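Peer 1: have a look at this prediction, sequence included:
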Amino acid sequence: MKHNIRGTKTAVYVPHSDFFPQAALPDGSTVIRTLISVRVVVTTTLLLAALIIQSTVSDILPIHYLYRIAGVIYCMTLFYIGLQRWLKSRDGNLAFQLAGDLVVETVLVYFTGGWDSPFSFLYLVTIITASMLLYRRGGLLAASGAAMLYGGLADLMFYRVLPAPPQSFFSPTPPTSLRLYVALGTNMAGFYAAALLTSFLSEKLKKTFEELDVNKQNLAELQALSRNVIESVPSGLITLTKQGTITFINPAGSEILNLPSSAVAGEHLSEIGLFWKDEWNELRSSSSTNRVVRGETTFVRNGEVRSIGYAMTPLSTPEGTSYGLTLIFQDLTEMKELEAQLRMKDRMAAVGELSAGIAHEIRNPLAAIAGSVQVLRSSKNLAPQEERLMSIILKESDRLNKSIADFLRFVKPQERITSEFDIAVSLSETLDLLSNSSELHQNHFIEKAIEPPSFHIVGDPDQIRQVFWNIAKNAIQAMSAGGTLRVITDREEGFYRISFLDSGKGMNDEDQRKMFQPFRTNFPAGTGLGMAISYRIIQEHGGKIAVESREGRGTAITISLPMTSGEAPQSVPEREVISAGR
């Protein structure tokens with residue numbers, strides 16, 4: 001594992017809805033029902049208290065008028081409930097109820113002493129309620145209504161237009177103009193003061209609620225956006241505590257690691273196979289300096305080794321407090337394979353461009369040498385030793401000329417003639433031809449699993465057949481002590497795949513990387529151009545070629561060619577074992 005530390009400070013903070021209060025104004029129907037319920041509860045409580053008092057001190061407290069008032073309130077409550085069905089306006093319903101409360105309070109004030117009644121404070125309850133529910137306008141209207149009702153009652157009783165109630169526990173004091181003006185002034189000032197103060201506080205509270213609702217909506221949108229961004233990015237994202245416990249993993253991270261999020265959350269980072277314990281300790285010590293730590297590591301998924309690139313950064317709150325760590329990672333396996341293919345193409349292009357001219361320059365003097373030797377060989381005065389040496393020169397000249405011809409075919413391939421052909425039949429015929437050639441010995445076997453036995457694609461049949469021959473022949477040569485070559489076909493993601501699996505000596509990593517380079521061969525009689533030519537042919541057909549091998553355990557070479565025509569009907573696959581000489 002390699003680390004690359006860069007000095008970039010990072011502070012990341014993700015807001016959570018639990019940090020913010022959630023408030024909302026109640027709807028109109030809820031407020032109306034609540035007001036009705038509170039009124040009924042208060043009236044019932046007062047009525048029960050009156051009944052208790054009446055049963056104990058009935059001769060002292062004449063409070064029969066309370067029963068009538070309670071009855072009126074119950075009737076008005078039924079009216080309010082019915083009013084709610086056809087009057088949908090919240091403010092209209094509240095105005096009706098509050099106006100009725102002012103009238104009932106005025107009647108109660110009249111029966112308990114008139115303008116000198118101690119129950120005049122009940123007006124404040126209605127005014128405060130109106131200010132809270134209908135804000136400044138409702139509060140001032142309620143205060144004005146209370147002032148008019150209270151002032152009218154006081155004037156009517158002062159000028160004896162309205163007589164004092166026949167039964168009243170609270171006897172009014174002798175009326176004087178001064179006492180009347182003082183009572184009216186103090187009560188009305190209290191009415192309007194309560195209305196203004198309560199409405200001011202209610203409006204501030206309403207504005208606060210509205211701001212909280214806007215903030216709540218903005219926070220919800222921000223959280224949804226953050227969640228969508230995190231779930232949509234193709235890179236894996238893991239958040240960690242300072243100790244390395246995983247607190248979150250996004251869907252891309254679960255897919256890369258092939259682990260469900262439920263199995264990852266709560267686990268230590270070193271327990272999911274991405275890092276060893278010592279590697280994690282090294283990463284944590286590196287990230288403790290508030291720097292970005294970059295590197296690469298390997299991860300085994302379904303028995304396949306994947307290359308993972310990562311970046312680890314500290315996770316901090318806006319105040320700079322350390323909160324944990326974030327790990328962003330990507331699967332670089334396919335990217336590295338593409339890089340290897342690009343490097344291979346660059347090397348092949350460079351070799352081809354440099355060597356094409358050299359090959360031509362070698363071929364011309366080689367032809368002159370071979371011609372001169374043939375002239376000398378026709379002489380009748382040659383000794384047996386000279387005859388043998390000239391035969392060797394001609395034989396080696398032919399072999400060198402063949403190598404140069406193969407190399408020129410590689411650096412300057414023949415023009416491709418494409419047509420629709422049956423690749424399955426072509427593969428089967430090539431294997432049959434190989435089974436009857438001198439390449440196979442008695443202890444070599446070829447096993448075919450071609451499914452379906454007939455399948456058409458578009459390409460150059462001669463070049464594709466050459467690829468089959470080169471790969472199959474290499475596989476046979478790799479099994480010098482004998483073995484089985486298995487050839488399997490299948491279709492996947494728009495490609496027709498042919499796999500050659502041998503049980504030979506295999507290759508190490510270095511041999512695999514250099515397998516398709518020209519003049520690289522592991523066989524004494526090979527030129528090192530067959531696999532290079534095969535690689536170029538497959539690339540020109542828009543296909544891919546992959547190699548998997550282990551020393552002592554054989555090699556698997558898979559060719560993938562694009563399917564550009566209709567598929568043949570499904571049928572029983574052709575499976576047979578061909579031994580040498582069949």
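Peer 2: The structure has been received and is ready for your questions. Here the structure is a predicted model, which means the values were calculated and not measured.
Peer 1: secondary structure element for the nearest residue to residue 543 once chain neighbours are set aside, which one?
Peer 2: Among residues not flanking residue 543 along the chain, residue 561 sits closest, at 4.2 Å (C-beta to C-beta, 6 or more residues apart in numbering). C-betas here are computed from N, CA, C, even on glycine. Element membership for residue 561, per DSSP states H and E: strand 555-562.
Peer 1: same question for residue 334.
Peer 2: Of the helices and strands defined by DSSP H and E, residue 334 is found in helix 333-377.
Peer 1: just the buried positions in the strand holding residue 561, please.
Peer 2: Using 16 or more other C-beta atoms under 10 Å as the test for burial, strand 555-562 gives 555-561.
Peer 1: quick one: the helices in the protein?
Peer 2: Taking DSSP state H as the criterion, the chain carries its helices at 28-57, 64-86, 90-111, 122-158, 177-232, 251-257, 261-264, 277-287, 333-377, 384-411, 423-435, 461-478, 509-513, 530-540.
Peer 1: the residue nearest to residue 543 against residue 540, yeah?
Peer 2: No. Judged on C-beta atoms under 8 Å, residue 561 makes no contact with residue 540 at a distance of 11.1 Å.
Peer 1: could you measure residue 195 against residue 127, distance?
Peer 2: Separation of residue 195 from residue 127 (C-beta to C-beta, to the nearest Å): 5 Å.
Peer 1: what do these two both touch?
Peer 2: With contacts taken as C-beta atoms under 8 Å, 6 or more residues apart in numbering, residue 195 and residue 127 have 139, 142-143 as neighbours in common.
Peer 1: output the below-cut-off pLDDT ranges for the stretch 101-250 of the chain.
Peer 2: Counting by pLDDT under 70, the stretch 101-250 of the chain has low-confidence residues at 166-175.
Peer 1: so what does the residue in the chain sticking out farthest from the centre have for phi and psi?
Peer 2: Relative to the centre of the chain, and counting by C-alpha atoms, centre = their mean, the farthest-placed residue is residue 381 at 87.5 Å. Main-chain dihedrals, residue 381, degrees, to the nearest 10: phi -100, psi 30.
Peer 1: for residue 44, see how far away it is.
Peer 2: Distance of residue 381 to residue 44, given as C-beta to C-beta: 146 Å.
Peer 1: repeat that for residue 70.
Peer 2: Distance, residue 70 to residue 44, by C-beta to C-beta: 8 Å.
Peer 1: more neighbours, the two?
Peer 2: Higher neighbour count among residue 70 and residue 44: residue 70, with 17 against 13, using other C-beta atoms under 10 Å.
Peer 1: let me know whether residue 428 touches residue 453 as I believe.
Peer 2: Yes. At 7.3 Å, residue 428 counts as touching residue 453 under the criterion of C-beta under 8 Å.
Peer 1: contacts for stretch 73-90 next, please.
Peer 2: 28-29, 31-32, 36, 39-40, 43, 93, 96-97, 100, 104.
Peer 1: between residue 195 and residue 127, which one's more packed in?
Peer 2: Looking at residue 195 and residue 127 with other C-beta under 10 Å, you find the greater number of neighbours at residue 127, namely 31 against 25.
Peer 1: which residue packs closest to the more buried one, ignoring adjacent ones?
Peer 2: What sits nearest to residue 127 in space, not counting adjacent residues and going by C-beta to C-beta, 6+ apart, is residue 142, at 4.7 Å.
Peer 1: counting neighbours, what do you get for the one you found?
Peer 2: Residue 142, neighbours per other C-beta under 10 Å, totals 30.
Peer 1: now do the contacts for it.
Peer 2: Residues near residue 142 by C-beta under 8 Å, 6+ apart: 98, 102, 126-127, 129-131, 134, 195.
Peer 1: and the gap between the most centrally placed residue in the chain and residue 336?
Peer 2: The chain has residue 231 as the residue nearest its centroid, 1.6 Å off, counting by C-alpha atoms, centre = their mean. Distance, residue 231 to residue 336, by C-beta to C-beta: 26 Å.
Peer 1: where does pLDDT dip in the stretch 351-500 of the chain?
Peer 2: Residue ranges of the stretch 351-500 of the chain with pLDDT under 70: 351-361, 363, 406-416.
Peer 1: for residue 241, phi and psi?
Peer 2: phi -80, psi 170.
Peer 1: wait, isn't it in contact with residue 265?
Peer 2: No. Under the criterion of C-beta under 8 Å, residue 241 makes no contact with residue 265, lying 11.6 Å away.
Peer 1: if I look at those two, which residues touch both of them?
Peer 2: residue 247.
Peer 1: re earlier: would TSV of the contacts of residue 142 with distance to residue 221 be doable?
Peer 2: TSV is the format used below for the contacts of residue 142 (distance: C-beta to C-beta, whole Å):
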residue	distance to residue 221
98	39
102	45
126	41
127	40
129	36
130	36
131	34
134	32
195	39
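Peer 1: can you pull the pLDDT of the residue nearest to residue 478 when sequence neighbours are not counted?
Peer 2: Closest residue in space to residue 478, ignoring its immediate chain neighbours: residue 504 at 3.2 Å, by C-beta to C-beta, 6+ apart. At residue 504, the predicted lDDT confidence score is 85.
Peer 1: kind regards, and thank you for your time.
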